[in-house]
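In: Just need the structure, nothing else, for what follows:
(one chain, ligands or ions: 1)
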Amino acid sequence: MEAHRHQPTRRGLLRSGAGLGAAALGLTAASATAAQAAGTTGEAVSTAYPTTHWIPASSSNYTVSNRPTTYTINTIVIHVTQETFQDAMRIFKDPAKQVSTHYMVASADGYIGQFVREKDIAWHAGNWSYNTHSIGIEHEGWVDQPEYFTDALYNSSAQLTAAICTRYKIPRTRTHIIGHVEVPGATHTDPGPYWDWDRYMALVNAY
Ligand SMILES: [Zn+2]
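Out: Numbering: from 1, shown residues only. Have a look, this model is predicted:
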């Protein structure tokens, strides 16, 4: 938790995943923070990005890179945490866990935490090649509990995915927006049978 000391979004962190309403979250993250988290400080950032909250993962849990220069970014991998937001956040911050994600969306209110900059390689897909070329988005919930997949979660995640597609010119199709289960060699089943892909892709294409 040492890394929090110099972060300007500590209040955002404390609120993350706490089930607070959207009104309580709306003003916590400055757009400058979102730009910094995306690794593009000083450059133009698409206004289509939803509000995100920078909650850095342990530096032991991802690989520093300089994407998309070093590796093209052509895939978004959709995950379900099998943990609460707070527990998953602790995992990403624990250097012993060796796992991370770029983003995680909270079930209750669609709050988006960012844990790894998009230029860096998060360890989420269980496949090095896919990790190098993808952005990982975790969703708070369990694959067998569809009640976690709320309207707020779908909307927030779809807006984020749409913005990432725009930034890297990724086609908004199921070839490029895939579930963890679809990663070659995957030992995970997420996002599972209750994830509504038709609904999600319609939202992604609507933003
Ligand atoms: Zn997964």
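In: buried sites along the longest helix seen in the chain?
Out: Using DSSP state H to define each element, the chain has its longest helix at helix 151-168. Using 16 or more other CB atoms under 10 Å as the burial criterion, the residues of helix 151-168 that qualify are 152-165, 167-168. All C-beta spots, glycine's among them, are computed from the backbone N, C-alpha and C.
In: helices or strands up against the helix or strand that that helix is followed by?
Out: Going down the chain from helix 151-168, the next helix or strand is strand 177-179, by DSSP states H and E. Helices and strands touching strand 177-179, by 3 or more CB pairs under 8 Å, 6 or more residues apart in numbering; DSSP states H and E, are strand 75-80, helix 197-206.
In: Report the rounded mean pLDDT for strand 177-179.
Out: Averaging pLDDT along strand 177-179 gives 98.
In: Do that strand and the ion come into contact?
Out: No. Contact check for strand 177-179 against the ion, using CB under 5 Å from the ion: none in range, with a minimum separation of 8.1 Å.
In: Determine how far that strand lies from the middle of the whole chain.
Out: The gap between where strand 177-179 is centred and where its chain is centred comes out at 13 Å by CA atoms, centre = their mean, to the nearest Å.
In: Please shift the residue numbers so they start at 406 in all later answers.
Out: In the new numbering, first residue 406, that becomes strand 582-584.
In: buried residues in that strand?
Out: Of the residues in strand 582-584, those with enough neighbours to count as buried (16+ other CB under 10 Å) are Ile582, Ile583, Gly584.
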